[in-house]
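Participant: Fold the stuff below for me.
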Amino acid sequence: MNQARHRVSQFFLYLGAELTREDEALAASILPSGLLTLFHRQSVGEQKHSLKVTRWLAQRMPHEAELLQAALLHDAGKSVAPINLMERVEAVLVRWLLPGLYARWAGAPPRGWRKPFVTAVNHPVWGADLAAQAGASTRVVSLIRRHQELTFKVVTEEDRLLALLQQAEKQP
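Facilitator: Numbers count the residues shown, from 1 in each chain. Reported below is the predicted structural model:
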(Lines give C-alpha, C1' and ligand atoms only; values in the text may rest on other atoms or scores of the structure.)
Protein backbone atom coordinates (compact mmCIF):
# COMPACT_ATOMS: atom_id res chain seq x y z
CA MET A 1 0.00 0.00 0.00
CA ASN A 2 2.85 2.42 0.79
CA GLN A 3 4.35 1.72 -2.65
CA ALA A 4 1.05 2.59 -4.35
CA ARG A 5 0.69 5.78 -2.31
CA HIS A 6 4.28 6.73 -3.17
CA ARG A 7 3.68 6.18 -6.90
CA VAL A 8 0.47 8.25 -6.86
CA SER A 9 2.21 11.16 -5.13
CA GLN A 10 5.10 10.85 -7.58
CA PHE A 11 2.62 11.00 -10.50
CA PHE A 12 1.19 14.30 -9.24
CA LEU A 13 4.67 15.69 -8.57
CA TYR A 14 5.59 15.09 -12.22
CA LEU A 15 2.25 16.32 -13.51
CA GLY A 16 2.51 19.86 -12.22
CA ALA A 17 6.27 20.18 -11.96
CA GLU A 18 7.77 23.65 -12.01
CA LEU A 19 11.09 24.75 -10.57
CA THR A 20 11.18 27.65 -8.14
CA ARG A 21 14.05 30.03 -7.43
CA GLU A 22 14.63 28.09 -4.22
CA ASP A 23 14.90 24.86 -6.20
CA GLU A 24 17.44 26.39 -8.57
CA ALA A 25 19.41 27.86 -5.67
CA LEU A 26 19.53 24.53 -3.83
CA ALA A 27 20.79 22.64 -6.88
CA ALA A 28 23.39 25.34 -7.58
CA SER A 29 24.59 25.26 -3.96
CA ILE A 30 25.26 21.50 -4.14
CA LEU A 31 26.46 20.86 -7.68
CA PRO A 32 29.55 22.24 -9.41
CA SER A 33 28.85 23.72 -12.84
CA GLY A 34 29.45 20.55 -14.90
CA LEU A 35 27.13 18.53 -12.71
CA LEU A 36 24.58 21.36 -12.62
CA THR A 37 24.45 21.21 -16.42
CA LEU A 38 23.71 17.48 -16.14
CA PHE A 39 20.98 18.21 -13.57
CA HIS A 40 19.32 20.59 -16.04
CA ARG A 41 19.30 17.90 -18.76
CA GLN A 42 16.69 16.05 -16.71
CA SER A 43 13.00 16.71 -17.23
CA VAL A 44 11.46 19.20 -14.83
CA GLY A 45 9.60 16.31 -13.20
CA GLU A 46 12.87 14.45 -12.61
CA GLN A 47 14.45 17.61 -11.25
CA LYS A 48 11.55 18.13 -8.80
CA HIS A 49 11.74 14.50 -7.68
CA SER A 50 15.51 14.75 -7.20
CA LEU A 51 15.12 17.97 -5.22
CA LYS A 52 12.53 16.31 -2.95
CA VAL A 53 14.93 13.42 -2.30
CA THR A 54 17.78 15.86 -1.71
CA ARG A 55 15.80 17.98 0.76
CA TRP A 56 14.89 14.90 2.79
CA LEU A 57 18.54 13.86 2.92
CA ALA A 58 19.81 17.39 3.62
CA GLN A 59 17.66 17.55 6.75
CA ARG A 60 19.39 14.44 8.05
CA MET A 61 22.85 14.56 6.47
CA PRO A 62 23.58 18.19 5.51
CA HIS A 63 27.35 17.68 5.33
CA GLU A 64 27.31 14.63 3.04
CA ALA A 65 28.07 16.52 -0.18
CA GLU A 66 28.53 13.41 -2.31
CA LEU A 67 25.25 11.93 -1.13
CA LEU A 68 23.42 15.17 -1.93
CA GLN A 69 25.04 15.33 -5.37
CA ALA A 70 24.01 11.74 -6.07
CA ALA A 71 20.47 12.52 -4.91
CA LEU A 72 20.21 15.38 -7.39
CA LEU A 73 21.56 13.24 -10.24
CA HIS A 74 20.35 9.71 -9.49
CA ASP A 75 17.84 9.79 -12.36
CA ALA A 76 19.96 11.81 -14.82
CA GLY A 77 20.32 8.74 -17.04
CA LYS A 78 16.66 9.07 -17.98
CA SER A 79 17.72 12.00 -20.18
CA VAL A 80 19.44 9.51 -22.53
CA ALA A 81 16.10 8.05 -23.67
CA PRO A 82 13.42 10.36 -22.20
CA ILE A 83 9.96 9.01 -21.55
CA ASN A 84 6.76 10.92 -20.87
CA LEU A 85 4.54 10.62 -17.83
CA MET A 86 2.21 8.01 -19.32
CA GLU A 87 5.18 5.88 -20.39
CA ARG A 88 6.42 6.05 -16.79
CA VAL A 89 3.06 4.83 -15.56
CA GLU A 90 3.15 2.04 -18.12
CA ALA A 91 6.62 0.91 -17.01
CA VAL A 92 5.64 0.93 -13.32
CA LEU A 93 2.45 -1.05 -13.94
CA VAL A 94 4.10 -3.64 -16.18
CA ARG A 95 6.96 -4.07 -13.71
CA TRP A 96 4.43 -4.67 -10.94
CA LEU A 97 1.97 -6.86 -12.89
CA LEU A 98 4.20 -8.67 -15.39
CA PRO A 99 7.78 -8.70 -14.07
CA GLY A 100 8.96 -11.40 -16.48
CA LEU A 101 7.81 -9.48 -19.55
CA TYR A 102 9.16 -6.27 -18.06
CA ALA A 103 12.64 -7.79 -17.75
CA ARG A 104 12.52 -9.22 -21.26
CA TRP A 105 11.28 -5.97 -22.84
CA ALA A 106 13.96 -3.99 -21.00
CA GLY A 107 16.66 -5.87 -22.89
CA ALA A 108 15.77 -4.20 -26.20
CA PRO A 109 17.24 -1.02 -27.71
CA PRO A 110 15.69 2.15 -26.18
CA ARG A 111 13.18 2.96 -28.90
CA GLY A 112 9.58 2.34 -29.81
CA TRP A 113 7.11 0.89 -27.37
CA ARG A 114 9.87 -0.82 -25.34
CA LYS A 115 11.71 2.43 -24.56
CA PRO A 116 9.99 2.99 -21.16
CA PHE A 117 11.18 -0.41 -19.91
CA VAL A 118 14.71 0.00 -21.29
CA THR A 119 15.01 3.47 -19.75
CA ALA A 120 13.67 2.33 -16.38
CA VAL A 121 16.18 -0.52 -16.15
CA ASN A 122 19.25 1.13 -17.69
CA HIS A 123 19.08 4.72 -16.45
CA PRO A 124 21.31 4.06 -13.39
CA VAL A 125 24.22 2.96 -15.61
CA TRP A 126 23.57 5.70 -18.16
CA GLY A 127 23.38 8.32 -15.39
CA ALA A 128 26.57 7.09 -13.75
CA ASP A 129 28.40 7.31 -17.07
CA LEU A 130 27.08 10.84 -17.67
CA ALA A 131 28.05 11.90 -14.14
CA ALA A 132 31.57 10.51 -14.58
CA GLN A 133 31.94 12.41 -17.88
CA ALA A 134 30.72 15.58 -16.14
CA GLY A 135 33.37 15.26 -13.42
CA ALA A 136 31.54 13.60 -10.53
CA SER A 137 33.56 11.84 -7.86
CA THR A 138 33.91 8.08 -7.87
CA ARG A 139 31.50 7.78 -4.93
CA VAL A 140 28.81 9.94 -6.59
CA VAL A 141 29.12 7.85 -9.77
CA SER A 142 28.84 4.63 -7.79
CA LEU A 143 25.80 5.81 -5.80
CA ILE A 144 24.03 6.75 -9.03
CA ARG A 145 24.94 3.43 -10.64
CA ARG A 146 23.74 1.46 -7.62
CA HIS A 147 20.64 3.46 -6.62
CA GLN A 148 18.23 0.73 -7.77
CA GLU A 149 20.11 -2.23 -6.27
CA LEU A 150 17.55 -4.33 -4.48
CA THR A 151 19.78 -6.34 -2.20
CA PHE A 152 23.06 -5.47 -0.61
CA LYS A 153 24.59 -5.64 2.83
CA VAL A 154 25.47 -2.40 4.54
CA VAL A 155 29.18 -3.06 4.98
CA THR A 156 30.93 0.08 3.73
CA GLU A 157 30.30 3.78 4.15
CA GLU A 158 29.09 3.86 0.55
CA ASP A 159 26.55 1.12 1.36
CA ARG A 160 25.27 3.23 4.26
CA LEU A 161 24.87 6.26 1.98
CA LEU A 162 23.16 4.11 -0.66
CA ALA A 163 20.67 2.84 1.92
CA LEU A 164 19.90 6.44 2.89
CA LEU A 165 19.43 7.45 -0.75
CA GLN A 166 17.02 4.56 -1.28
CA GLN A 167 15.15 5.43 1.91
CA ALA A 168 14.83 9.04 0.77
CA GLU A 169 13.44 7.94 -2.59
CA LYS A 170 10.62 6.08 -0.85
CA GLN A 171 9.43 9.09 1.14
CA PRO A 172 6.01 10.50 0.22
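
Participant: Thought Pro116 was touching Glu87, still the case?
Facilitator: Yes: because the distance of 3.9 Å satisfies C-beta atoms under 8 Å, Glu87 is recorded as touching Pro116. (Glycine included, C-beta is placed from N, CA and C.)

Participant: Neighbour count: these two, which is higher?
Facilitator: Between Glu87 and Pro116, Pro116 has the larger neighbour count (other C-beta atoms under 10 Å), namely 25 against 16.

Participant: Now do the buried residues in the longest helix seen in the chain.
Facilitator: Within the chain, and with DSSP state H defining each element, the longest helix by residue count is helix 115-133. In terms of neighbour count (16 or more other C-beta atoms under 10 Å), helix 115-133 has its buried residues at 115-124, 126-132.

Participant: Stretch 162-172 too?
Facilitator: By neighbour count, and taking 16+ other C-beta under 10 Å as the criterion, the buried residues in stretch 162-172 are Leu162, Leu164, Leu165, Gln166, Ala168, Glu169.

Participant: Can you get me a residue count around Arg104?
Facilitator: Summarising burial for Arg104: neighbours were counted as other C-beta under 10 Å, giving 12.

Participant: Thanks again, I'm all set now.
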